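Asks: What would the 3D arrangement of this be:
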Amino acid sequence: MYIKNRVLLVLWIAGALAAWGLPFLTHAPNRLVTGTGISLGAVINSWRAMLWLPALALATAVFAKSGRLLDWLVAFAATLLIAGLLGIAGAEATRLATTDSAYSRTSFGGSFWLLVMLAWLAAADALGHLKLRPAWAIVAGLLVLAPLLVLLLSGKLDDLSVLKEYTNRQDVFNDALLRHLEIVAATLVPTLLISIPLGVAAFRRDRLRAPLFAVLNVIQTIPSIALFGLLIAPLAALAAHVPVLASVGISGIGMTPAVIALTLYSLLPMVRSTSAGLAQVPAAVIEAAKGMGLSRRQVFWQVEVPLALPVLLSGLRITTVQAIGLTTVAALIGAGGFGAIMFQGLLSSALDLVLLGVVPVIALAIAADAFFKLLVSMLGARFQ
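Replies: Got it, this is the predicted structure:
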């Protein structure tokens, strides 16, 4: 018997080691006390033993001959494994909640996170072998996550600590979501207004390109916290000397320095993608457009911009995902967003409160990445 899928074998072995050596759940009398670990074997009983079926299916697939049917079966088995892990965690949390005080907390343990991540990687590897179109790949990825949405909406996970934190802070969570999206949107608008003209100028003027990218590279190397800090003093002084600016919300802390810093960070990928997108337009196409009598402006808007748009959107995808992540750090200067929840959890040593701030950021980044990939693929198919 020969190994046919080495990637799946490595993932399966890593999952087995995680299930054996790390706690599946942790249970504590309250949110501030370190919990007691609960192994996966301790919660596998009666109907929960069915969890081993998708795990065994993945182990068998390691030695099976590769093919499209096998890839679909691996993705399906990985989805069932994720659903089983979530269902068992939710059921065990509910059982513990009925036998302990209302202040008790049941949290995900290390093996849970590793097993879910490894199952997701197995599904992603199988779906990658299928070479689906971007739209169908996104649909397939959503189907892998469908059990999570079903369990969340059905209330089966409500007794887990992170969901209890959400229930206790639902208004704070909603405000953080709106604030996070507001900062990201306020960053992207000036980024596009500044970077696209700079990218066009860098493409058309060779003398400008090198010094422009040198400056943008230097900005990119400054640590985010340092850049936020550098903006506090000048903006505070400016607001103090110009009361009109203070009256419209300009200050040394809060949203203003966050948006300025994030915009500066976003310039490099957008300028580079704009310049690269225009550079990859075939010269023969431009010459043909000129031969048809189009003016230089018409060539730019009707030929160069449409052909460069997929590359530009790829840069916008990177910029958006980067802004979503860096916005969490902006909470250190009072900008708000999910970073405020995350840092509050760190200060109070409440891991589930940290997760309440981190997980939505990851979800937003994945959603933005998938959206722009789909948009780029649609534009690419249109211009083929």
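
Asks: The stretch 1-150 of the chain: helices as residue ranges?
Replies: Along the stretch 1-150 of the chain, counting by DSSP state H, counting those that start in this stretch, helices occupy 6-21, 40-43, 52-61, 68-99, 110-130, 134-154.

Asks: Only C-alpha atoms, please: export the first one in CSV.
Replies: Listed in CSV are the C-alpha atoms of helix 6-21, where the atom choice follows Å, rounded to 0.1, in the frame of the first residue of the first chain:
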residue,chain,number,x,y,z
ARG,A,6,1.4,13.2,1.4
VAL,A,7,-0.2,16.5,2.2
LEU,A,8,-3.2,14.8,3.7
LEU,A,9,-1.0,12.3,5.6
VAL,A,10,0.9,15.2,7.2
LEU,A,11,-2.3,16.9,8.2
TRP,A,12,-3.8,13.7,9.6
ILE,A,13,-0.8,13.0,11.7
ALA,A,14,-0.6,16.5,13.0
GLY,A,15,-4.3,16.3,13.9
ALA,A,16,-3.8,13.0,15.7
LEU,A,17,-1.0,14.4,17.7
ALA,A,18,-3.0,17.5,18.6
ALA,A,19,-6.0,15.4,19.7
TRP,A,20,-3.8,13.3,21.9
GLY,A,21,-1.5,15.9,23.4
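
Asks: ok so, going back, the helices of the stretch 1-150 of the chain into TSV, with extra columns for mean pLDDT, distance to Pro306 and mean neighbour count?
Replies: Yep, even glycine has a C-beta here, placed from its N, CA and C like the rest. Putting these into TSV (pLDDT from 0 to 100; distance: least, CB to CB, whole Å; neighbours: other CB atoms under 10 Å) gives the following:
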stretch	mean pLDDT	distance to Pro306	mean neighbour count
helix 6-21	90	39	16
helix 40-43	88	53	15
helix 52-61	90	44	18
helix 68-99	91	35	19
helix 110-130	91	30	19
helix 134-154	85	19	15
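
Asks: Please render these as CSV that adds distance to Val321 to the earlier fields.
Replies: Output for the helices of the stretch 1-150 of the chain, formatted as CSV (distance: least, CB to CB, whole Å):
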stretch, distance to Val321
helix 6-21, 25
helix 40-43, 33
helix 52-61, 30
helix 68-99, 23
helix 110-130, 17
helix 134-154, 15
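
Asks: So which of those is nearest Val329?
Replies: helix 110-130 (22.7 Å; CB to CB).

Asks: Specify the angle between that closest one and helix 6-21 in degrees.
Replies: Orientation check (axes from the mean of the first three to the mean of the last three CA atoms, to 10 degrees): helix 110-130 against helix 6-21 gives 170 degrees.

Asks: Next, the angle from helix 110-130 to helix 134-154.
Replies: Orientation check (the same axes, to 10 degrees): helix 110-130 against helix 134-154 gives 150 degrees.

Asks: of all the helices of the stretch 1-150 of the chain, which lies closest to Leu316?
Replies: The closest of these to Leu316 is helix 134-154. By CB to CB, the value is 16.0 Å.

Asks: chain center to the closest one, what's the gap?
Replies: Taking CA atoms, centre = their mean, to the nearest Å, the mean C-alpha location of helix 134-154 is offset from the chain mean by 15 Å.

Asks: helix or strand right after that helix?
Replies: helix 161-168 (DSSP states H and E).

Asks: any idea how far Ala237 is from Ala258?
Replies: Ala237 is 18 Å from Ala258, where distance means CB to CB, to the nearest Å.

Asks: who's more crowded, the two?
Replies: Set Ala237 next to Ala258 and count neighbours by other CB atoms under 10 Å: Ala258 wins out with 27 against 11.

Asks: Next, the contact list for that one, please.
Replies: Contact analysis of Ala258 by CB atoms under 8 Å, 6 or more residues apart in numbering lists Ile183, Phe228, Thr327, Ala330, Ile333, Ala335.

Asks: Ok, Val74 next?
Replies: By CB under 8 Å, 6+ apart, the contact list for Val74 reads Leu8, Ala57, Leu58, Ala61, Ala122, Ala123, Asp125, Ala126.

Asks: Tell me which residues of whichever strand or helix holds Val215 come out buried.
Replies: Per DSSP H and E, Val215 falls inside helix 206-221. Neighbour-count burial for helix 206-221 flags Arg209, Leu212, Phe213, Leu216 (criterion: 16 or more other CB atoms under 10 Å).

Asks: out of those, who's nearest Asp159?
Replies: The closest of these, once distances to Asp159 are taken by CB to CB, is Leu216, at 49.0 Å.

Asks: Which residue comes closest to that closest one once chain neighbours are left out?
Replies: Distances taken as CB to CB, 6 or more residues apart in numbering put Leu268 closest to Leu216, at 4.1 Å, once the chain neighbours are dropped.
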